[in-house]
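> Provided below for reference: sequence and predicted model.
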Amino acid sequence: MIPILVHLFQLRRFKKEYFTNVKLLKELSTQTRKSSKIKKFLLLATRLLLLTSLIFAFAQPYFEAKDSQSKNNQLFVILDNSFSMQAKGQKGELLKRAVQDLLEVTPEETNISVITNSDEFWDTNIKSIEKDLQKLNYSAIPFSLDNALVKIKSHNSNQGKDIVIVTDAIGLKTTSIEKLPENTKTYFVIPEAENLENIAIDSVYLSQTLDNFYEIGVQVSSNFEDEKSIPVSVYNKENLIAKAILQLNKRKQVLNFTIPKDDFNGYVSLHDNSLSFDNTFYFNIKKPEIINVLSVGDIEKSNFLSKIYTKPDFNFSNSTLSSLDYSILQKHDAIILNELESIPVAMHTNLKQFVQKGGNLIVIPSEKNEIQNINSFLSIFGGIQFSNLENFEKKITKINFSNPLFSDVFEKKISNFQYPTVKQNFRLKSVVSQAISYEDQSAFLSTIYKNTGAVYVFSSPINKQNSNFQNSPLIVPVFYKMGVNNNKNGVKFETIGNSKSILIDASVNKDEVISVKNNEEDFIPMQQIMEDKVKFSNGDNPKKAGNYSIVQNNKTIGNLSFNFDRKESNLTKSSSESLDNLNEIDSLDKFFETIQIERTDNQIWKWFLIFTLVFFILEILIQKFIK
């Protein structure tokens, strides 16, 4: 109303003036009255619009953002720092580039939580964790979206959540994608490597034992499209022992080296321009020790065993059950219960301790076994029970090559061999791994692995009256591998992050502590004293691959070799179909730009302030130029 009142108060009556030349003046007076009236209406309209714009400007009107309800969401960034992120993109290593982008584009006032494979930073800001992120190392723990989501879920909060996942999508499982929370905004930033070709040393094993030398096999995998020549070197400590050129022409290849038959504490190394964590493989070999094998049963049925466990590698002995001295059981590395009709209860505890201390136990049943008796014995190990005795012939047709019993035994898988048969066998109720199976897929030989020890259970007697298995080519490698104690002989190495227990020979007092160390790391493992042995577990230690010494009272009593898990070596992404279902964005910068646009209300008061200035200038122009 104010411009209208002002306009009304400014109305003035025209005073008539009389002149001699009336005709001319009358015409001019009419024209002036019309133009004045137009001018006043223009000023009235301009002032009305000016004041209206000014009122709206102070009222600060806005259009609500389409995602305004999420503007107070907590931000969680899942950052993949697994070894596959070592691959190089256009701007360098994928992880380092992702960290740099996170530091550059994250607003300082944003509350953020960062979850990596190995570290967590909760409810902080980017400035506070800047140095920690810059020092972030690659983790031996493979990327697991499931684990990261569980950590976020356990972090209680009444606020909404935004989850940004920065990963190269190597090993990303479809099942993990399906578990993404439905009511949570989830964004994927997937940096791409320029080169997905990689070569890795997967394993080292003892392929042959000669009089004065070991022949070791170095298994290498690669995905190079073109044939290449890669030098591979073997070191004992820091001394170069052997070197050879590997011609890459297959996905998996084995390169053999001959090394002295003595204590060995070294590594195999190669070099490529892709991932570096899998280019070195650490291992150690102890000077060969004689393995003590005891067979309990009839001497006649043990003749075939004496031909397998021969000197100088084995010290084989046989004892009948009636003459068995229980005190000598713990002094052996492998014990064979060879077709005993009954297993005494007094033997149960002794053999349980024997397996716990890293011994190998082989159970060959007798057709006269009472099922209750043998099941009572097997129950102390768990996972396997005998049922009824079947009296019809079966063929042994299947070898489970993935079973640890057959690791490094066969150069290639055998699909056709001379099938042994059995006339009688016990049906097994088992949840453990089958090493050898019948044609009906039931178990002939089952394996139970108890940390450092193992139990091998046959479902059938293997005497010559019941089976021709003793005449089969399988008999030697099967019993040889079951008799060999991995704690004593062979190539030894551990995988970082594997919780498997390790058993060493050592006499330790209750107050003593055994440590594991090298020049870069030193840690104390979880340990359990077991008479003349110590069992310990390393958990997630060490953090770096390498050769380590086991130290007791500043004295080295053994060696350990640790390697990173090779799961990240295969730079193969998930299928394109599963990636198509992801809410993928180009970069972190794009993420912050997106939420800024989607969650910021469109303030239009500035436009009304501009209109106010325009109408003010317009009024001045009307006053000046319109007469």
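Great, that's in hand.
> Could you list the domains of the chain?
If you go by automatic domain parsing, the domain ranges for the chain are 2-61+604-625, 68-195+571-602, 199-287, 291-468, 493-560.
> Make CSV from those and add mean neighbour count and mean pLDDT to it.
Using the backbone N, CA and C atoms, a C-beta is placed for each residue, glycine as well. Output for the domains of the chain, formatted as CSV (neighbours: other Cβ atoms under 10 Å; pLDDT from 0 to 100):
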stretch, mean neighbour count, mean pLDDT
domain 2-61+604-625, 12, 76
domain 68-195+571-602, 17, 81
domain 199-287, 16, 87
domain 291-468, 17, 87
domain 493-560, 16, 84
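> what's the closest of these to residue 480?
domain 291-468 (6.1 Å; Cβ to Cβ).
> thinking again about what came up before, same list (the domains of the chain) but as JSON lines, adding distance to residue 475.
JSON lines is the format used below for these (distance: least, Cβ to Cβ, whole Å):
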{"stretch": "domain 2-61+604-625", "distance to residue 475": "88"}
{"stretch": "domain 68-195+571-602", "distance to residue 475": "39"}
{"stretch": "domain 199-287", "distance to residue 475": "19"}
{"stretch": "domain 291-468", "distance to residue 475": "7"}
{"stretch": "domain 493-560", "distance to residue 475": "28"}
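> for the stretch 1-150 of the chain, what spans make up the strands?
62-63, 74-79, 88-89, 92-93, 112-116, 120-124 (DSSP state E, counting those that start in this stretch).
> and the angle for the last one with strand 112-116?
What it means is strand 120-124. Strand 120-124 runs at 180 degrees relative to strand 112-116, counting by axes from the mean of the first three to the mean of the last three Cα atoms, to 10 degrees.
> what helices or strands is strand 120-124 leaning on?
Applying 3 or more Cβ pairs under 8 Å, 6 or more residues apart in numbering; DSSP states H and E, one finds that strand 120-124 contacts strand 112-116.
> Within the sheet, what are the partner strands of the strand it packs on, with directions?
strand 74-79 (parallel), strand 120-124 (antiparallel) (DSSP bridges).
> Among those, which comes closest to residue 196?
For residue 196, the closest of those is strand 74-79, at 20.8 Å, according to Cβ to Cβ.
> For that closest one, C-alpha coordinates in PDB please.
C-alpha atoms of strand 74-79 as PDB (Å, rounded to 0.1, in the frame of the first residue of the first chain):
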ATOM      1  CA  GLN A  74      27.100 -39.600   7.800                       C
ATOM      2  CA  LEU A  75      29.700 -40.300   5.200                       C
ATOM      3  CA  PHE A  76      31.500 -43.600   5.100                       C
ATOM      4  CA  VAL A  77      34.300 -44.200   2.600                       C
ATOM      5  CA  ILE A  78      35.400 -47.900   2.100                       C
ATOM      6  CA  LEU A  79      38.900 -47.700   0.600                       C
END
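> Give me the contact list for the helix or strand hosting residue 214.
Take DSSP states H and E as the rule and residue 214 turns out to sit in strand 213-222. Identification of contacts with strand 213-222 by Cβ atoms under 8 Å, 6 or more residues apart in numbering yields 197-209, 232, 234, 246, 248, 251-261, 264, 268, 270, 281, 285, 408, 491, 569-570.
> Could you say which one of the domains of the chain comes nearest to residue 476?
That would be, of these and by Cβ to Cβ, domain 291-468, which comes in at 5.9 Å.
> ok now that closest one, how far from the chain's centre?
Centroid separation between domain 291-468 and its chain, computed with Cα atoms, centre = their mean, to the nearest Å, is 35 Å.
> How about stretch 554-564?
So, by Cα atoms, centre = their mean, the centroid of stretch 554-564 is 25 Å from its chain's centroid.
> what's in contact with that stretch?
For stretch 554-564, the surrounding residues in contact (Cβ under 8 Å, 6+ apart) are 83, 140, 265, 267, 277-278, 281-284, 492-496, 502, 504, 506, 514, 516, 538, 542, 544-551.
> that's a strand at residue 207, yeah?
Yes: counting by DSSP: H, G, I helix; E, B strand; the rest coil, residue 207 is found in a strand.
> how much space between it and residue 559?
21 Å (Cβ to Cβ, to the nearest Å).
> packing partners for the strand or helix carrying residue 446?
Residue 446 belongs to strand 443-450 when assigned by DSSP H and E. Strand 443-450 is packed against strand 425-430, strand 433-438, strand 453-458, with contacts defined by 3+ Cβ pairs under 8 Å, 6+ apart.
> model confidence over the helix or strand immediately after the last one in the chain, on average?
As assigned by DSSP H and E, the chain's next helix or strand after strand 453-458 is helix 475-483. Summarised as a single mean, pLDDT over helix 475-483 is 88.
> buried sites along helix 475-483?
475, 478-479, 481-483 (16 or more other Cβ atoms under 10 Å).
> Distance to residue 357 added to those residues, as TSV?
Formatted as TSV, the buried residues of helix 475-483 follow (distance: Cβ to Cβ, whole Å):
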residue	distance to residue 357
475	27
478	23
479	21
481	20
482	17
483	16
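> excluding its backbone neighbours, what's nearest residue 231?
Nearest residue to residue 231 in three dimensions, chain neighbours excluded: residue 245, at 5.7 Å (Cβ to Cβ, 6 or more residues apart in numbering).
> which secondary structure elements does the helix or strand hosting the one you found contact?
Taking DSSP H and E as the criterion, residue 245 maps to strand 239-248. In terms of contacts (3+ Cβ pairs under 8 Å, 6+ apart), strand 239-248 is packed against strand 213-222, strand 228-236, strand 252-260.
> Any chance you could list what contacts it?
199, 220, 222, 224, 227-235, 253, 255, 257-260, 266, 270.
> Export only the CA atoms of that strand, formatted as CSV.
Only the C-alpha atoms of strand 239-248 are listed here, as CSV (Å, rounded to 0.1, in the frame of the first residue of the first chain):
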residue,chain,number,x,y,z
ASN,A,239,73.6,-65.2,-1.7
LEU,A,240,72.6,-66.0,-5.3
ILE,A,241,72.4,-69.8,-5.6
ALA,A,242,70.8,-70.2,-9.1
LYS,A,243,69.4,-68.3,-12.0
ALA,A,244,67.3,-69.3,-15.0
ILE,A,245,65.2,-67.7,-17.8
LEU,A,246,61.5,-68.5,-17.8
GLN,A,247,59.8,-68.5,-21.2
LEU,A,248,56.3,-67.4,-20.5
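> Partner strands of that strand, with direction?
strand 228-236 (antiparallel).
> what are the ranges of the helices in the stretch 51-200 of the chain?
Secondary structure of the stretch 51-200 of the chain (DSSP state H, counting those that start in this stretch): helices located at 94-105, 130-134, 145-154, 174-178.
> Right, I'll leave it there.
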